[in-house]
Structure formats: C-alpha cells, structure tokens
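Chemist: sequence unavailable; structure follows:
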C-alpha cells in the first residue's frame, strides 16, 4: 500500500474514532446514565426534528448551502439539548460507579452512540456538505439500512440497563 492510501483511510476513519473517543470519555468522566440520557434524547430529538413544521421557514433565511447545513445541524443540536434535559428529569438518577467499572457496557454505549451519529450524519443531517468524508463505510450507512441500525441501537439500550 502506498502512504497516501493509508493516510486517506486514516483520515476517513478519524471521524468514527473521534466520535467513539468523545462518547467513551463522556461515559468515563460524566457517567453511563448521562450517555444513556443523551442517546434516548437523540432518538426523541430526531422525531421532533423530522416533524418540525417551521424548518423550511427557518432555512429560507440562509443564502448558501453551507449556511443551510449549519442551521440544520444547529437546529438538531438544539432539539437534542432540550430532549436530553427532559429525559434527564424522567430517567432514574445516576448511581455511583467507578470510572473503569462496567467497562464493557461503557464501550458498548460509546459504540452505540457512534453508530447513531454516524448514521445521522450520513443519511439525515447534511453534515457531508460541511465536512467532506469519502469513506467506504458511507455506502453502509445510507437510508436502505436505517431500520436495522435503529433497531440495533434500541436493543443496545436494553442490554446496558
């Protein structure tokens, strides 16, 4: 293999590694229950985001595709923050566990949230117009497989409880 091919693959794979690293660090330092709250809040926010009636009116303000994409991502993040705050009030309180206790569950949760946000970035949110990612995994994360990914993520929530 040439060095250029290896560097390109590492650059494309860095997106997934950075998502996983952020999720695992969140799980280690803030807690497993808070990551579960973010995961459930992301699911609820996705429903509200897809059914939000004023999204077209908000995006008419933008001139370019980049600004529209950024506004769409910011709107989704706003929905995630609101839904996670509400879910945090409903879900049980965090129990105290060590940082490296139940590491298997934390790695599984981090990989679940990595899969969720990878699917969202490649199929629903217009992140690809902001950041150019040319990975072979992109074909696996298209809309044809969305049902399977979301079912596997909901099973992951059941396993980690």
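Modeler: It's in. On a predicted model such as this, the values are computed, not experimentally measured, just so you know.
Chemist: just want the most central residue of this structure.
Modeler: By CA atoms, centre = their mean, the chain has its centre lying nearest to residue 117, at 2.3 Å.
Chemist: tally of neighbours for residue 81?
Modeler: Neighbours of residue 81 under the rule other CB atoms under 10 Å: 13. (C-beta placed from N, C-alpha, C; glycine too.)
Chemist: tell me which helix or strand it sits in.
Modeler: helix 65-90 (DSSP states H and E).
Chemist: tell me which residues in that helix are buried?
Modeler: 68-73, 75-76, 79-80, 83-84, 87-88 (16 or more other CB atoms under 10 Å).
Chemist: beyond that helix, next helix or strand please.
Modeler: helix 103-119.
Chemist: show me what that following helix is packed against.
Modeler: helix 3-29, helix 32-51, helix 146-160 (3 or more CB pairs under 8 Å, 6 or more residues apart in numbering; DSSP states H and E).
Chemist: could you give the angle of that helix to helix 3-29?
Modeler: For helix 103-119 against helix 3-29, the angle by axes from the mean of the first three to the mean of the last three CA atoms, to 10 degrees is 120 degrees.
Chemist: now do the buried residues in helix 103-119.
Modeler: 105-106, 108-119.
Chemist: and the residue nearest to the residue nearest to the centre of the chain when sequence neighbours are not counted, what is it in contact with?
Modeler: Excluding the flanking residues, the one nearest residue 117 by CB to CB, 6 or more residues apart in numbering is residue 19, at 5.7 Å. By CB atoms under 8 Å, 6 or more residues apart in numbering, the contact set of residue 19 is 113-114, 117-118.
Chemist: avg pLDDT for the helix or strand containing residue 58?
Modeler: Using DSSP H and E, residue 58 sits in helix 55-59. The average pLDDT for helix 55-59 rounds to 79.
Chemist: so which bits of it are buried?
Modeler: Buried, per 16+ other CB under 10 Å, within helix 55-59: nothing.
Chemist: so which elements touch that helix?
Modeler: By 3+ CB pairs under 8 Å, 6+ apart, helix 55-59 packs against helix 65-90.
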